[in-house]
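Student: below is the sequence, then the predicted model.
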Amino acid sequence: MATTANAAPAGPPQPSLLASESRTSFKRVLTGSMAGAVLEWYDFAIYGILAATVLGPLFFPGDDGIAKLLMALATQGLGFLARPLGGIVFGHLGDRLGRKPMLVTTFLMLGTATAAIGLLPTYQQVGIWATVMLVVLRMIQGFALGGEFGAAVLLVSEYGEPKRRGFWAAWPQAGAPAGTVLATVVVTIIGMLFPGDAFDEWGWRLAFLVAIPLLVVGFWVRRGVEESPVFRAAQEHAAQRAEQAPRSSILEALRRPRPVLHGLGMRLGENIAFYIYTVFVIAYATTYVDFDRGDVIKAVTIGSVCQFVGMIGGGWWSDKVGRKVAMLVPSVLLVVWAPIFFWLAQFGSLPLLYVGICVGAFLHGMLAGPEAAWITELFPTRYRYAGSSLVFQGSSIIAGAPAPFIAVWLVSRQGVSAVIGYLVVTMVITVIAVATSRETKGLDMDGEGVY
């Protein structure tokens, strides 16, 4: 029998074992980020769908149907006002304490606020307090989502291998259409089980209360997510060099504003296009073209599936041709498609509406898929969470928040041509921002970014 002295010393773990552990960790991160992103966008999409259909009469005073619709959509926009604040707070904490704690905290906040909306009394029951409570819960939703979404994309980007980062980062990004699909399916099923007045009076509440079991499952998944190795390495490096953490990673990101401005410019048209094809189209098609609400929701559901495919395909394509080309092509095509979409919708034909929504949603997905990796690649590790949150959530104020409200106001005052102009002008800004940016494909996430 060999003695201890003659035994071979224990060496470092074998490469195959390390690779296996790395793959397992990455799968857990991808699953947790994707599952959370789907649930969180489900929460947000549910409000968007119901704001365009039943929430106006239930939570706002007055007799003017269009005015109630505008107020409901404006309340949806209030959730966006809180998103940059959430991005600032959680972005700073995420760069100081890590990505994982922010994922869990924001997820719990968002799911709880969504379930609470399903329990609110209506305006007829408690008056203006119903409106106030709805606004507060919308703000909590927005604050939580402002910190969560950037973290989900960031973790996958920092875990993923450089050659396939665009593809992998597109998956949590695709949580938006996946959540929208889930939301529209849930609303459709509830509408079938409780048709007519039953849905409008109380059936809609079930769509929000579905968040409770989803919250439990999602929390369990996200607790198993491991911290980003890039963030851990940066923390260890800073500790070895006795570097003091900056007081604010947000301020550090703003000291080099060029990547933030490029990101905001790119997100402007992209974000507006998303809400035109998923939220505004429901109000427009049911109010101004006399489509059945259920038919439009089904069209949006199919469009969201196309959007999901576009995002994954766009992320994969960006790993082949580069982020700029992969984003420029769909940006230009979205400029061209805007007038075609509204021309098709005005025929009152359901198949043509399907074509219009699906093509627009697919092109948006092709643009948004590469964006996920591109934005995170713009910033160095020490303020990547803060910088990417500024871009993701800052664009929500100037683009996503007012988009459905502005579009409804424009079509009611100036006609559909004004909405087309709104979409085209903002998409042209996106084209310019992408064309003047730098290529980030294959960038080392441990480096200093591209600026």
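Tutor: It's in. Residues are numbered from 1 along each chain as shown.

Student: so where is the chain shaky, pLDDT-wise?
Tutor: For the chain, residues meeting the criterion pLDDT under 70 lie at 1-25, 52-53, 61-77, 160, 224-247, 446-451.

Student: report the next helix or strand after the lengthiest helix in it in sequence order.
Tutor: Ranked by number of residues, the top helix in the chain under DSSP state H is helix 15-51. Note on helix 15-51: by DSSP states H and E, the next helix or strand toward the C-terminus is helix 55-59.

Student: so which residue is smack in the middle of this protein?
Tutor: For the chain, A176 is the residue whose C-alpha lies nearest the centre (C-alpha atoms, centre = their mean; 5.0 Å).

Student: coming back round to it: just give me how far the longest helix of the chain sits from the chain centre.
Tutor: 13 Å (C-alpha atoms, centre = their mean, to the nearest Å).

Student: so who does the residue nearest to the centre of the chain touch?
Tutor: A37, W41, A45, F274, Q307, A368 (C-beta atoms under 8 Å, 6 or more residues apart in numbering). From N, CA and C alone the C-beta is placed, and that goes for glycine too.

Student: who wins for most neighbours among those?
Tutor: When neighbours are taken as other C-beta atoms under 10 Å, the top entry among the contacts of A176 is Q307 (31 neighbours).

Student: hang on, that one packs against G365?
Tutor: Yes: counting by C-beta atoms under 8 Å, G365 is a contact partner of Q307 at 4.0 Å.

Student: which residues do these two both contact?
Tutor: Shared contacts of Q307 and G365 (C-beta under 8 Å, 6+ apart): A174, P177.

Student: can you give me the neighbour number for R164?
Tutor: There are 13 residues near R164, going by other C-beta under 10 Å.

Student: once you drop chain neighbours, what's closest to it?
Tutor: In this structure, R164 finds its nearest non-sequential neighbour in D319, 5.7 Å apart by C-beta to C-beta, 6 or more residues apart in numbering.

Student: quick check: which helices or strands does the host helix or strand of that neighbour pack against?
Tutor: According to DSSP H and E, D319 maps onto helix 293-321. Secondary-structure packing of helix 293-321 (3 or more C-beta pairs under 8 Å, 6 or more residues apart in numbering; DSSP states H and E): helix 165-173, helix 175-193, helix 281-287, helix 323-345, helix 350-377.

Student: how close does W317 sit to P404?
Tutor: W317 sits 29 Å away from P404, going by C-beta to C-beta, to the nearest Å.

Student: which one's more surrounded, the two?
Tutor: P404 (29 against 23).

Student: residues in contact with the residue nearest to R164?
Tutor: By C-beta under 8 Å, 6+ apart, the residues touching D319 are K163, R164, R165, G166, F167, K441.

Student: quick check: of those, which lies closest to R323?
Tutor: Ranked by distance to R323 (C-beta to C-beta), those are led by K441 at 5.4 Å.

Student: now do the contacts for the closest one.
Tutor: With contact set as C-beta under 8 Å, 6+ apart, K441 has these partners: G166, S318, D319, G322, R323.

Student: would you turn the residues you listed into a markdown table with distance to V210?
Tutor: Listed next are the contacts of K441 as a markdown table, based on distance: C-beta to C-beta, whole Å:
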| residue | distance to V210 |
| --- | --- |
| G166 | 32 |
| S318 | 34 |
| D319 | 35 |
| G322 | 40 |
| R323 | 36 |
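
Student: show me just the buried residues among these.
Tutor: For these, a burial check counting by 16 or more other C-beta atoms under 10 Å picks out G166, S318, D319, G322, R323.

Student: identify the residue spatially nearest to the first one, adjacent ones excluded.
Tutor: Counting by C-beta to C-beta, 6+ apart, the nearest residue to G166 once its immediate chain neighbours are dropped is S318, at 3.8 Å.

Student: hmm, that neighbour is touching P330, no?
Tutor: No: assessed by C-beta under 8 Å, S318 is found out of contact with P330, at 10.8 Å.

Student: flag every buried residue along the helix holding D319.
Tutor: Buried-residue list, helix 293-321, by 16+ other C-beta under 10 Å: 293, 296-301, 303-319.
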